[in-house]
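Q: the amino acid sequence is not available; the structure is as follows:
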């Protein structure tokens, strides 16, 4: 039996574009809305889905993301 292709859900953020870079920052109000801790969790989950390891640091309304693996 042939495997069915999984449909990719609509993603609000352009994770693939961001994860191509070694480091990037996300600014509240520009790159995301909501609480920084919630966005940091979304970053970690999106990285995990792509088998990418990241380090996430929160500084007030800025999130610093660095690929570690």
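A: Nice, I can see it. Keep in mind it's a predicted model, so treat the numbers as computed, not measured. Numbers count the residues shown, from 1 in each chain.

Q: just checking, which helix or strand of the chain averages the lowest pLDDT?
A: Of all helical and strand segments in the chain, the minimum by mean pLDDT, DSSP states H and E falls on helix 15-19, at a mean of 93.

Q: and the next element down the chain from that helix?
A: strand 23-27 (DSSP states H and E).

Q: next, the buried residues of that next one.
A: Residues 24, 26 are the ones in strand 23-27 that count as buried (16 or more other CB atoms under 10 Å). Yep, even glycine has a C-beta here, placed from its N, CA and C like the rest.

Q: what lines up beside it in the sheet?
A: Strands that pair with strand 23-27, judged by DSSP bridges, come out as strand 62-67 (antiparallel).

Q: can you list contacts of the partner strand?
A: With contact meaning CB atoms under 8 Å, 6 or more residues apart in numbering, strand 62-67 is reached by 18-19, 21-28, 32, 36, 39-40, 43, 52-58.

Q: which of those are buried?
A: Applying 16+ other CB under 10 Å to the contacts of strand 62-67 flags 18, 19, 24, 26, 32, 36, 39, 40, 43, 54, 56 as buried.

Q: closest one of these to residue 68?
A: residue 54 (6.3 Å; CB to CB).
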